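**Student:** coords below, sequence missing:
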């Protein structure tokens, strides 16, 4: 199940899916993850937080984060992404603070929070006002449980932040390690060490993961053609896209779209 709400340039995306590995990335939306079955690891900065069934993780806008999945059991989670400007009461907190740690355990969560998640997931597209109200309930119940710190104190070094931000903003274009190093004003060897030691993969692998992550979001939340998604994601050809996608997810883009919408 998935649902996309649009309100001019603001949107809320709610989707229930199987968690997968995602490399360090950031975005300007609030992301909330509710583990409904199994477990997942949420990484923020250099720390990894284990999430079991019923746990909820919060990633405030522009915080570097990633996901790891080590369990081979069935894992499911609801992912909720929303513009911070859709929740006026909390906009300042979301823009300037960060939760530390970012996970609330199931034993501390009230039943109406879970009800709000399921109501958002099952709502109709024209119920944006109702969905915003449920989102307010989630935030009102959960944010007081966090220790909030200044956003600048959470995450990684300035160069790591700039690296993630650069790839997030440029993966749709033709970029190389050399051009990225030049734009960031650092040596390509320094940048190469960032990818290998911090992200545990080389530049091309990280760039491909960013493109594939974006492609998955488009496959899940739009009816755009595979070719359009391929080119918009930064791949030069459909053949290259299909090969990279199958290597990463063990299925084709079209089969992935059918599976996720069942």
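**Tutor:** Sure thing, it's come through. Computed from a prediction, not measured in an experiment: that's the story for all the values here.

**Student:** residue 205: what's it in contact with?
**Tutor:** Contact analysis of residue 205 by CB atoms under 8 Å, 6 or more residues apart in numbering lists residue 195. Yep, even glycine has a C-beta here, placed from its N, CA and C like the rest.

**Student:** using the three-state scheme, assign residue 126.
**Tutor:** coil (DSSP: H, G, I helix; E, B strand; the rest coil).

**Student:** what does the one 4 residues further on give?
**Tutor:** Three-state secondary structure (criterion: three-state DSSP) places residue 130 in helix.

**Student:** now do the SS call for the residue nearest the centre of the chain.
**Tutor:** The centre of the chain sits closest to residue 31, judged by CA atoms, centre = their mean, with a distance of 6.6 Å. On the three-state scheme (three-state DSSP), residue 31 is labelled strand.

**Student:** pLDDT value on the closest residue in space to it that isn't next to it in sequence, please?
**Tutor:** Nearest residue to residue 31, sequence neighbours excluded (CB to CB, 6 or more residues apart in numbering): residue 59, at 4.2 Å. Per-residue confidence (pLDDT) for residue 59: 95.

**Student:** residues near residue 59, how many?
**Tutor:** Residue 59 has 22 neighbours, counted by other CB atoms under 10 Å.

**Student:** how near is it to residue 245?
**Tutor:** According to CB to CB, to the nearest Å, residue 59 stands 25 Å off from residue 245.

**Student:** in the helix or strand containing residue 231, what's buried?
**Tutor:** Assessed by DSSP states H and E, residue 231 sits inside helix 226-232. By 16 or more other CB atoms under 10 Å, the buried positions in helix 226-232 come out as 226, 229, 230.

**Student:** tell me what residue 99 is bridged to.
**Tutor:** residue 148 (DSSP bridges).

**Student:** ok, it touching residue 60?
**Tutor:** Yes. In this structure, residue 99 is within contact of residue 60 by CB atoms under 8 Å, at 6.9 Å.

**Student:** more neighbours: those two, which one.
**Tutor:** residue 60 (25 against 22).

**Student:** ok, now how distant is the more buried one from residue 257?
**Tutor:** 30 Å.

**Student:** that older thread, ok, now how distant is the residue nearest to the centre of the chain from residue 215?
**Tutor:** Note on residue 31: its distance to residue 215, by CB to CB, is 18 Å.

**Student:** from the buried residues of helix 226-232, which is closest to residue 107?
**Tutor:** Among the buried residues of helix 226-232, residue 229 lies closest to residue 107 (CB to CB), at 40.6 Å.
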